[in-house]
Each structure stands twice: as structure tokens, then as C-alpha cells.
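Engineer: Give me the fold of what follows.
(chains A and B)
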Amino acid sequence: MTCDFDRIDALCAGELPESQRASVLAHMEHCPACRAYYEAMAGLEGEETAPEGFTARVMDAVRTTPQQKVRRKVSAWRSFAAVAACAVLVLGLGFGSGLMGADSAAPESANDSAPGMTRDLESDFAQYNSGDDAEDLPLTIHVVEDPALCGQVRSWLAGQNIPQLYPDGPREAYDLTAEQVQSINRDIPLLALPEEFLQLELKSAE
Amino acid sequence: MMDELRAIAQAKKGDADAFAFLVQTYETSVYRLALRMCGNAHDAEEVAQEAFVAAWKGMPAFRGESKFSSWLYQLTTNAAIDFLRREKRHRATTPIEDEVDLAAPGTPQQAAEAAEVRQALQQALEALTPEHREIFLLRQMRQLSYEEIGQLLGLESGTVKSRLSRAKKQLREILTQKGNLFAPASVLEKGEEENHDL
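Structural biologist: Numbers count the residues shown, from 1 in each chain, chains lettered A, B, ... in the order given. Modelled structure (predicted):
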């Protein structure tokens, strides 16, 4: 075998095929250059430890540092097919301004599965969620505009006695637990929501 | 006993105690990575702390699209690059061995030789651009895949491979020039074509 530093790199990374290991090790026994390179690379990890009290100092800084508020997005969907891929559900009917002002490009056909709109809703949500409450919200909200599905979901929510988050606000939103997501998926399979904490928002009037 | 996944989930919701578990779990690997990036213990501690604070701030947005450790390592190298730029000192002012308690295996002569090799390697690392050092360390020290590095840095895998190859070639050339390595030219040239079949 000739000098091959790439194989030595792989050896150090534990990625050298077993079939090549013996020959590389044998080569290094009589090749000072490769042995020196191996020692350098094998020593890359080192044996240093974090200074004493490091975690405590980090946590002192952490406890005075607020976490970032997540940037929430809304996707507007008009099709059932698209709904099936939603992570968070927002049912929307006839909101022509504000949140839905940008959804004029949303696909009209039920055959269109592409999202009509994805936009940052941080500013839109700011008026409803301020301070720490906002940090508990899910990351993404998708808008569904199909009237029939809106009705189905609204009925299901009423049957489950799931309260609105903002009863006096223009957003008709609901938090769903993972168990409730499983339940709504069973009852309305078309939704096929991922089994995680979700927020559901209904934008339509009755 | 808290496990990592549970700690991540809770830290995402703002649980500082859960995050402390993650800090304890990764403090050594993050600190060592910061040390290789910065070259001295004082800067490494500052960078490692910045990385953990950045992780804490960003936890709510961590979606698990990469491994938590990979994300944390990228935050570390990113903090180091920012630090080095901010301080305008891409070369460490204090040799790492002056500040770090290195293990001394074997005889004093062996320990001295090992320390010399490590010092040469650190100096060679510091001769790389911070961006090349980042890719080299994420791959060679933390064993992230090309795909992971590419995803974290927003680069194509091919770009990661070519930058890594250039970094290795430069590193080997520096080690050779410093007399720590002797290798035939053919070996050095091979650094340009990363051995992808390994």
C-alpha cells in the first residue's frame, strides 16, 4: 500500500471498511509520514473538558434570555387534497382581507393540491397573542377554505366541546391535543393531520 | 431519568431545566469543537456559551430536520466564525497547549511529541479560513455526513465535498511545510480529489 491520507481520515472517523483496515495499519507501522498524520488526526478530538462551572454559567445566561418566538406561517388551501397534507388546520371562508388578502392566487380547482399561500403571520397574530402566550402556539397554520370541510370540522369541534381560544376575537381558533388530533383523524379521515399538537382556526362565518 | 428526546421537547417549550440536561450532555463536545475553531480556551468557552444560548433561543424553531447534535455543532462553528470576525483575530494569540491540560500518555518524550503534533495541527487549522475549518471539523471531528453539512450550511453536497477536499489539501500542505509530515507530492495532490469510495 502507498501513502493514502484519505484512508487514514476514514480510519480516524471509524468509516474505513474492515477489509482495508489491516493494510492501512500495517502501512503506518513503517511509514513515519502516515503515522504522524494519523496521530494528528486521531488527536483532533482531544481530551479537554469544559471549564469547571461551565454549565452553570451557560444556564445563568439562558435563564435571562428569552426564547425566540416562532415564526408562524399560514398556508391557504382550497382543495381537499391539499388539506390532507396540512400540519395545522385553519378553516377559512370568505375572509377577503387581512390574512386572506394574499390568497387570490390560491388554486380554485379541487384538483389543485398546491398551497395557495404561505406567509408569515407573526404580525397578524401579534394582536391576538402577546407576551408568553404566543410562544405556546404551533409553528405553522394552514388555511382550508373548503366550505363542506369547514362545516364538518366545526360540528366535530362542537361535539367535543373544544373551546375557542379567542371567543371575542375575529380569529376562530382552537388548540388540539395530540389525542384530539387522533380523534378528528378517525372521524374525518380526509384531514389526515399529523399526530401532534395543532392549532385549528376557522375563519368562516356560520 | 430524562432522555435526550424528552429534554429537547421540553426545552422547546421553555423548560430551562431540560435544556440544562442538554448542556451537560454536550458541553464537552461543543467546547472541544469551539476550541479547535478558536485555538484557545478563553475564546472557546465564550463561543461555546454563545452556541448554547443561541440553541436555547432557537429551540422553539428546532424542527428535528437534522439531529440535535448536528444542529448544535453548526451553531457552535457559526458562533466561532462570528466571534473570529468580530474580534478580527483569525489566528489564536495563545497556543492551545499553554492553557489546556492535555493528557500526557507514556513517557515524557512521547507526551512532548504528542503535544507537538497537536500544536502543529491546531496551527494548521488556524491557517485555514474559518469557513474551511468549519467544514473540516464538522466532517472530520464530528463525523457529520456531507448531506448533513450541506443541509446545515445551505450548500450542495458537492460543494461540501469540494470545500472539504481543499481544506484537507491545504491542511496537509501546511503540516508538511512545518516539517510535521513528510509525504510524496502524489499524496498531497490526492487531497484535491476526495476519496469518495471510502
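
Engineer: Surely A:T65 forms part of a helix?
Structural biologist: No - counting by DSSP: H, G, I helix; E, B strand; the rest coil, A:T65 falls outside a helix, being coil.

Engineer: check contacts around the closest residue to it other than its chain neighbours.
Structural biologist: Distances taken as Cβ to Cβ, 6 or more residues apart in numbering or on different chains place B:V53 nearest to A:T65, at 5.6 Å, with adjacent residues excluded. C-beta here means a position set from N, CA and C on the backbone, and glycine is covered the same way. Counting by Cβ atoms under 8 Å, 6 or more residues apart in numbering or on different chains, B:V53 makes contact with A:58, A:61-62, A:65.

Engineer: Quick one, which of the residues you listed are buried?
Structural biologist: Neighbour counting over the contacts of B:V53 (16 or more other Cβ atoms under 10 Å in any protein chain shown) leaves A:58, A:62 as the buried ones.

Engineer: how about the contacts of B:V53 in CSV, adding pLDDT?
Structural biologist: Output for the contacts of B:V53, formatted as CSV (pLDDT from 0 to 100):
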residue, pLDDT
A:V58, 97
A:A61, 96
A:V62, 96
A:T65, 92
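
Engineer: could you redo the contacts of B:V53 as a markdown table and give each row secondary structure and distance to A:C31?
Structural biologist: Shown next, in a markdown table, are the contacts of B:V53 (DSSP: H, G, I helix; E, B strand; the rest coil; distance: Cβ to Cβ, whole Å):
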| residue | secondary structure | distance to A:C31 |
| --- | --- | --- |
| A:V58 | helix | 43 |
| A:A61 | helix | 48 |
| A:V62 | helix | 48 |
| A:T65 | coil | 51 |
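
Engineer: Near A:V181, how many residues? Count them for me, please.
Structural biologist: A:V181 is flanked by 20 other residues according to other Cβ atoms under 10 Å in any protein chain shown.

Engineer: hang on, it is in a helix, isn't it?
Structural biologist: Yes - A:V181 forms part of a helix when assessed by three-state DSSP.

Engineer: how close does it sit to A:P163?
Structural biologist: A:V181 sits 16 Å away from A:P163, going by Cβ to Cβ, to the nearest Å.

Engineer: ok, now A:D6?
Structural biologist: As judged by Cβ to Cβ, A:D6 and A:P163 stand 62 Å apart.

Engineer: More neighbours: which of the two?
Structural biologist: Neighbours were counted for A:D6 and for A:P163 using other Cβ under 10 Å; A:D6 has more, 19 against 9.

Engineer: Can you list the buried residues in the strand or helix carrying the more buried one?
Structural biologist: Assigned by DSSP states H and E, A:D6 belongs to helix A:5-12. Going by neighbour count (16+ other Cβ under 10 Å), the buried part of helix A:5-12 is A:5-12.

Engineer: just the residues you listed that are near chain B?
Structural biologist: Near chain B, judged by Cβ under 8 Å from any Cβ of the partner chain, the entries from the buried residues of helix A:5-12 are A:5-7, A:9-10, A:12.

Engineer: mean confidence for the helix or strand following the helix holding A:D6?
Structural biologist: Next in sequence after helix A:5-12, counting helices and strands by DSSP H and E, comes helix A:18-29. Here helix A:18-29 scores 91 as its mean pLDDT.

Engineer: Packing partners of helix A:18-29?
Structural biologist: Secondary-structure packing of helix A:18-29 (3 or more Cβ pairs under 8 Å, 6 or more residues apart in numbering or on different chains; DSSP states H and E): helix A:5-12, helix A:32-42.

Engineer: I appreciate the help and will end here.
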